[in-house]
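Enquirer: turn this into a model:
(one chain, ligands or ions: 2)
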Amino acid sequence: SSKLTQSMTIDGNTILAESLKKQGVEYVFGIVGIPVIETSLAFQSVGLKFIGMRNEQAACYAAQAIGYLTGKPGVCLAVSGPGLLHCIGGMANAQVNCWPLVVIAGSCPEDHEGIGGFQEWPQVDSSRLYCKYTARPPSARLIPLHVERAVRLASVGRPGVSYLDMPGTLLMSQVEEDKVQLDFYSADPVKLGHPDPALVSQAAELLSRAERPLVIVGKGAGHARAENEITKLIENTKLPFLPTPMGKGVVPDESQYCVSSARTQALLKADVILLLGARLNWMLHFGQVPRFAPDVKVIQVDISPEEFHNSIKSELPVHADIKPFTAALINKLAEKKFSLQPTNNNWWQTLREKQKANAEFFEAQANDKSVPLNYFAVFKTVQATISRDSIIVSEGANTMDIGRGILLNNKPRHRLDAGTFGTMGVGPGFAIAAALWCRDYAPNKRVICVEGDSAFGFSGMEIETMVRYRLPIIIIIVNNNGIYGGFDKETMQELQSAGDLTQCIPPTSLGTEVRYEKMMEMFGEAGHFCRTVEEIEVAVKKAITVTDRPSIINIAISPQSNRKPQAFNWLTESKL
Ligand code: ADP
Ligand code: MG
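Expert: Numbers count the residues shown, from 1 in each chain. Ligands and ions are numbered 1, 2, ... in the order given. Modelled structure (predicted):
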């Protein structure tokens, strides 16, 4: 009779695995240990793809990147206590970026709670601040319901994070199979929110009457998968557009209507701005004076009505999905036969002049190939050598900021960087997710992970994960011996011999001439070390031929190389 009971019961792990599968989850990133080892095996046995990583934080970054790339949340699986707490930074990053993510952690058995159980921690409470939805399913029977809810809430409206807490006792509990609804419904995607036609008319009216109109394309437009509509809008109307960092590629950066190289001017002078899936937060200087005109009129399109009128009052808030809104706007503007003519339009002339001046500055810097190299020469060489449809992952201070203008994106959701939260350490996890996505959905496309030497340090151990899963990520380390910048070897040695090391090593400096590429030797491979433009070309070309493992290209640049002098020093601008 014990055999009979066995065949008729099912455990929490299997119910969880089946439920995730039912809700369309495809990828799980995580690190196993007590009590989730069996969980990971149950995941694999229902066909979920499991990627074992080296730190939960990086696993959490990978899971949110796959959510942004596929539109379906990835799962991050962690152990109890410290495992879940290591995910918190990743959860905050996903929530701040508005990316879908489901985190699942094992937790201490319920009968050990309150008496000092192993890795006991209030995990649901700890997660609540970072989530749209948190729950501990009260019984194994209810797991399918909570998984459906977790996946749905992470995905709909403004995307974000869900957390499910799984005590060891719940995962191991056996319930009678016919009492569990394993085929719990999976709802069809929610119908897109269509805009009020009157608001579309008003938007068309405002844009067509503007003297200096501008379209800003944010990563919300990438999430909305509105690339075809927005590209058509820009091509039909010839409106100048400005992508935000991760809005890059929704309309190709190489479009003649992209005014990234006149960004400051475009923001400062625009009189009507069509804001598509971007927030007027620090990244857009709050939409305020002195970076924007005092009387700028913003047409704000967002899926989240809470976002309207933040920081400045919107002239025209449109609560709608970007895709149907843009489709409707194209028609309205076509009725008006609206389009700008860059050749005889004052606004376009102003922007073109600024673009020309910036291009000249860039060329002068990039053509200076003296060693140690500057950032511009490095990025110009990389851009010329990689494929134009590559996915660019990037983090670091100067590395990310300078690289953004030079490493172009011509496809949507092809740039993953430190994002709204400015998080360092995201690069390797994002790159792992992107490389898996390429393998499954876009074979031959490559992932270029451009890291500062400081940024690389946060999650550098994930190269072992890349090797294990044979992911051909090209990691480029732009190495300036420090955070923002460091010192050359001789200066650093002098500093280190000046007395107490804790007093004389500048906090911004890191090791000099560190040969990060030799980390590939741990796996029996050679890395690349470059000092010149020629060496970079050879290394990138070689790395592109390697299709079954990562490559590291370590580029020593001048520790003093810097970005272009900026008209505004935004981070130190105070409002007080
Ligand atoms: P960026 O960093 O590019 O400026 P943000 O992350 O600040 O972008 O803003 C993205 C915005 O896009 C959020 O306010 C979010 O609510 C919104 N959004 C996300 N998806 C959609 C969608 N499908 N339609 C409309 N708005 C969306
Ligand atoms: Mg650095």
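
Enquirer: let's check: the centremost residue of this structure is which one?
Expert: Leu416 (3.9 Å; CA atoms, centre = their mean).

Enquirer: checking my notes, that one in a strand, right?
Expert: Yes: assessed by DSSP: H, G, I helix; E, B strand; the rest coil, Leu416 belongs to a strand.

Enquirer: in which helix or strand would I find the nearest residue to it once chain neighbours are set aside?
Expert: The shortest distance from Leu416 to any non-neighbouring residue, by CB to CB, 6 or more residues apart in numbering, is to Phe430 (4.2 Å). For the C-beta atoms, the positions are set from N, CA and C on the backbone; glycine is no exception. Using DSSP states H and E, the element containing Phe430 is helix 427-441.

Enquirer: so which elements touch that helix?
Expert: Secondary-structure packing of helix 427-441 (3 or more CB pairs under 8 Å, 6 or more residues apart in numbering; DSSP states H and E): strand 27-30, strand 49-52, helix 56-70, strand 391-395, strand 415-417, strand 447-452, helix 453-459, helix 463-468.

Enquirer: and the pLDDT at Ser7?
Expert: Ser7 carries a pLDDT value of 61.

Enquirer: now for the residue nearest to Ile544 when sequence neighbours are not counted, how many residues are close by?
Expert: Spatial nearest neighbour of Ile544, excluding adjacent residues (CB to CB, 6+ apart): Arg446 at 6.7 Å. By the criterion of other CB atoms under 10 Å, Arg446 has 20 neighbours.

Enquirer: mind checking how far Arg446 is from Gly396?
Expert: Between Arg446 and Gly396 the computed distance is 20 Å (CB to CB, to the nearest Å).

Enquirer: what's the answer for Leu471, then?
Expert: 21 Å.

Enquirer: do Pro412 as well
Expert: Taken as CB to CB, the span from Pro412 to Gly396 is 23 Å.

Enquirer: what does Thr134 give?
Expert: 33 Å.

Enquirer: please say which of the two ends up with more neighbours.
Expert: Each of Thr134 and Gly396 has its neighbours counted (other CB under 10 Å); Gly396 has more, 25 against 20.

Enquirer: enumerate every residue touching that one.
Expert: Neighbouring residues of Gly396 by CB atoms under 8 Å, 6 or more residues apart in numbering: 424, 450-456, 478.

Enquirer: in a markdown table: those residues, plus pLDDT, distance to ligand 2 and neighbour count.
Expert: Shown next, in a markdown table, are those (pLDDT from 0 to 100; distance: CB to the ion, whole Å; neighbours: other CB atoms under 10 Å):
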| residue | pLDDT | distance to ligand 2 | neighbour count |
| --- | --- | --- | --- |
| Met424 | 98 | 11 | 20 |
| Val450 | 98 | 12 | 29 |
| Glu451 | 98 | 9 | 30 |
| Gly452 | 98 | 4 | 25 |
| Asp453 | 98 | 4 | 26 |
| Ser454 | 98 | 5 | 24 |
| Ala455 | 98 | 7 | 27 |
| Phe456 | 98 | 9 | 29 |
| Val478 | 98 | 7 | 28 |
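
Enquirer: make a markdown table from the residues you listed and add distance to Gly47 to it.
Expert: Formatted as a markdown table, the contacts of Gly396 follow (distance: CB to CB, whole Å):
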| residue | distance to Gly47 |
| --- | --- |
| Met424 | 35 |
| Val450 | 34 |
| Glu451 | 33 |
| Gly452 | 38 |
| Asp453 | 40 |
| Ser454 | 39 |
| Ala455 | 35 |
| Phe456 | 34 |
| Val478 | 39 |
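
Enquirer: can you tell me which of those is nearest Arg152?
Expert: For the contacts of Gly396, the residue nearest Arg152 by CB to CB is Met424; the value is 31.5 Å.

Enquirer: residues in contact with that closest one?
Expert: 395-396, 418, 454-455, 458 are the contacts of Met424 under CB under 8 Å, 6+ apart.

Enquirer: cool, and Val180?
Expert: So Val180 contacts 10, 15, 140-141, 143-144 (CB under 8 Å, 6+ apart).

Enquirer: tell me the average confidence for stretch 409-416?
Expert: For stretch 409-416, the per-residue pLDDT averages 98.

Enquirer: now do stretch 254-262
Expert: Stretch 254-262 comes out at a mean pLDDT of 98.

Enquirer: how much distance is there from that stretch to the middle of the chain?
Expert: Relative to the centre of its chain, stretch 254-262 is centred 22 Å away, using CA atoms, centre = their mean, to the nearest Å.

Enquirer: can you give me the end-to-end distance of it?
Expert: Terminal residues of stretch 254-262 are spaced 14 Å apart (CA to CA, to the nearest Å).

Enquirer: briefly note if that stretch comes near ligand 1.
Expert: No: using CB under 6 Å from any ligand atom, stretch 254-262 stays clear of ligand 1, coming no nearer than 13.1 Å.

Enquirer: quick one: secondary structure of whatever residue of the stretch 401-550 of the chain ends up closest to ligand 1?
Expert: When scored by CB to the nearest ligand atom, the stretch 401-550 of the chain has Thr420 as its residue closest to ligand 1, at 5.0 Å. Following three-state DSSP, the label given to Thr420 is coil.

Enquirer: I'd say it and Ala278 touch.
Expert: No: using CB atoms under 8 Å, Thr420 is not in contact with Ala278, being 9.8 Å away.

Enquirer: looking at the two now, which is surrounded by more residues?
Expert: The neighbour comparison of Thr420 against Ala278 (other CB under 10 Å) goes to Ala278, with 25 against 21.

Enquirer: what sits against Val378?
Expert: Applying CB under 8 Å, 6+ apart, the residues contacting Val378 are 478, 533, 536, 555, 557.

Enquirer: so where does it fall, helix or strand?
Expert: Using DSSP H and E, Val378 falls in helix 375-385.

Enquirer: same thing with Gly33?
Expert: Per DSSP H and E, there is no helix or strand for Gly33.

Enquirer: which residues in the stretch 201-350 of the chain form strands?
Expert: With strands called from DSSP state E, counting those that start in this stretch, the stretch 201-350 of the chain shows them at 213-217, 241-243, 272-276, 297-302, 316-319.

Enquirer: is the shortest one positioned near ligand 1?
Expert: Meaning strand 241-243. No: if you take CB under 6 Å from any ligand atom as the test, strand 241-243 misses ligand 1, and the best it gets is 7.8 Å.

Enquirer: quick one: mean pLDDT over that strand.
Expert: Strand 241-243 comes out at a mean pLDDT of 98.

Enquirer: the closest residue in space to Glu464 that isn't next to it in sequence - how many residues pack around it?
Expert: Among residues not flanking Glu464 along the chain, Arg54 sits closest, at 6.1 Å (CB to CB, 6+ apart). For Arg54, the tally of surrounding residues (other CB under 10 Å) stands at 18.

Enquirer: wait, doesn't Arg54 sit right on Thr465?
Expert: Yes: using CB under 8 Å, Arg54 makes contact with Thr465 at a distance of 5.9 Å.

Enquirer: so Gln288 makes contact with Ser311?
Expert: Yes: assessed by CB under 8 Å, Gln288 is found in contact with Ser311 at 6.5 Å.

Enquirer: and whichever residue of the stretch 201-350 of the chain sits closest to ligand 1, how many neighbours?
Expert: Relative to ligand 1, the nearest point of the stretch 201-350 of the chain is Gly220 (1.9 Å; CB to the nearest ligand atom). Using other CB under 10 Å, Gly220 has 27 neighbouring residues.

Enquirer: and if you look at Arg404?
Expert: As a measure of burial, Arg404 has 22 neighbours, counting by other CB under 10 Å.

Enquirer: list the buried residues of the helix or strand containing Glu534.
Expert: Counting by DSSP H and E, the element that carries Glu534 is helix 533-545. Along helix 533-545, these residues count as buried under the neighbour rule (16 or more other CB atoms under 10 Å): 533, 535-536, 539-540, 543-544.

Enquirer: which one of those residues sits closest to ligand 2?
Expert: Ile536 (16.8 Å; CB to the ion).

Enquirer: got a list of what that closest one touches?
Expert: Ile536 neighbours (CB under 8 Å, 6+ apart): 378, 381-382, 385, 530, 553, 555.
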